[in-house]
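K.L.:
Just the structure for this:
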Amino acid sequence: RATGSEANVAFAMSKQGIVSDYEGDFATGLRHHLEAQRGFERVGDPAGVGYAMSRASLSTYSLGDYEASLQYARAGLDAFGSINHGWGMLTSRCRTAFAHLGLGDLAEARRDFIEVLAGATEGKMRYLVLYALTGIAAVLAREGELHRAATILAAALDDPGQLPQYRVATNEELERLSGSL
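P.N.:
Reported below is the predicted structural model:
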């Protein structure tokens, strides 16, 4: 704040949100992501807005508010789409898929995860491939295909390319799956 730069403050708030999410304080994370989003809007940074909305989706997913998660993910997708930001669009689409999963709409979740998997594979974005695979495993688990789900989930989560922040949305699914085996 001492720099007087709204962009710097928004960036710092965004990072504070990530730290809060990582520590499991998703309500505080959400508050930081929304403050970052407002700052990025004021300075006209659509990538920043997309990033903040996508992260807000992850926070609300972890809070169990899947409808809000879907709305934030779609807002992130729109912001990233306005500048044709490939990574951002795929990440936000993966977050829409997790929100659909939380809402019990398995067909929509599967469709989104498969689209992300295809785009991430084409773009050689390994971490997003792994993120999509964890989601596909979660869909399979919900559909009762536990062995396939466990195999895919274990491989994706054990891969050294798996980013810790992408594991947040899979913790619930991992617990559900392990309880079913």
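K.L.:
Could you use CA atoms for every contact and neighbour count after this?
P.N.:
Noted.
K.L.:
Which residues outside stretch 28-36 are in contact with it?
P.N.:
Outside stretch 28-36, the residues that touch it by CA atoms under 8 Å, 6 or more residues apart in numbering are 9-14, 16-21, 48-49, 52-53, 55-56, 59-60.
K.L.:
and that stretch, how far from the chain's centre?
P.N.:
Here stretch 28-36 is found 15 Å from its chain centre; the criterion is CA atoms, centre = their mean, to the nearest Å.
K.L.:
Please apply the same query to stretch 59-78.
P.N.:
Distance, centroid of stretch 59-78 to centroid of chain: 9 Å (CA atoms, centre = their mean).
K.L.:
Can you tell me what sits against that stretch?
P.N.:
Contacts of stretch 59-78 (CA under 8 Å, 6+ apart): 21, 26-27, 29-30, 49-54, 56-58, 88-89, 92-93, 95-96, 98-100, 102-103, 168-169.
K.L.:
go on, stretch 105-125?
P.N.:
Here stretch 105-125 has contacts from 90-91, 93-94, 96-101, 126, 128-129, 132-133, 135-136, 139, using CA under 8 Å, 6+ apart.
K.L.:
buried stuff in it?
P.N.:
Across stretch 105-125, burial judged by 16 or more other CA atoms under 10 Å covers 106, 108-110, 112-117, 119-120.
K.L.:
Least confident secondary structure element in the chain?
P.N.:
helix 171-180 (a mean of 59; mean pLDDT, DSSP states H and E).
K.L.:
From Leu90, how far off is Gly119?
P.N.:
When distance is defined by CA to CA, to the nearest Å, Gly119 is 7 Å away from Leu90.
K.L.:
What of Phe98?
P.N.:
For Phe98, the distance to Leu90 - CA to CA - is 13 Å.
K.L.:
if you count what's nearby, which of those two comes out ahead?
P.N.:
Phe98 (34 against 26; other CA atoms under 10 Å).
K.L.:
wait, that one sits on Thr134?
P.N.:
No. The criterion here is CA atoms under 8 Å, and Phe98 misses it with Thr134 at 9.9 Å.
K.L.:
Report the contact partners of the residue nearest the centre of the chain.
P.N.:
Centroid-nearest residue in the chain: Arg95, 4.0 Å away (criterion: CA atoms, centre = their mean). The neighbours of Arg95, taking CA under 8 Å, 6+ apart as the test, are 54, 57-58, 69-70, 73.
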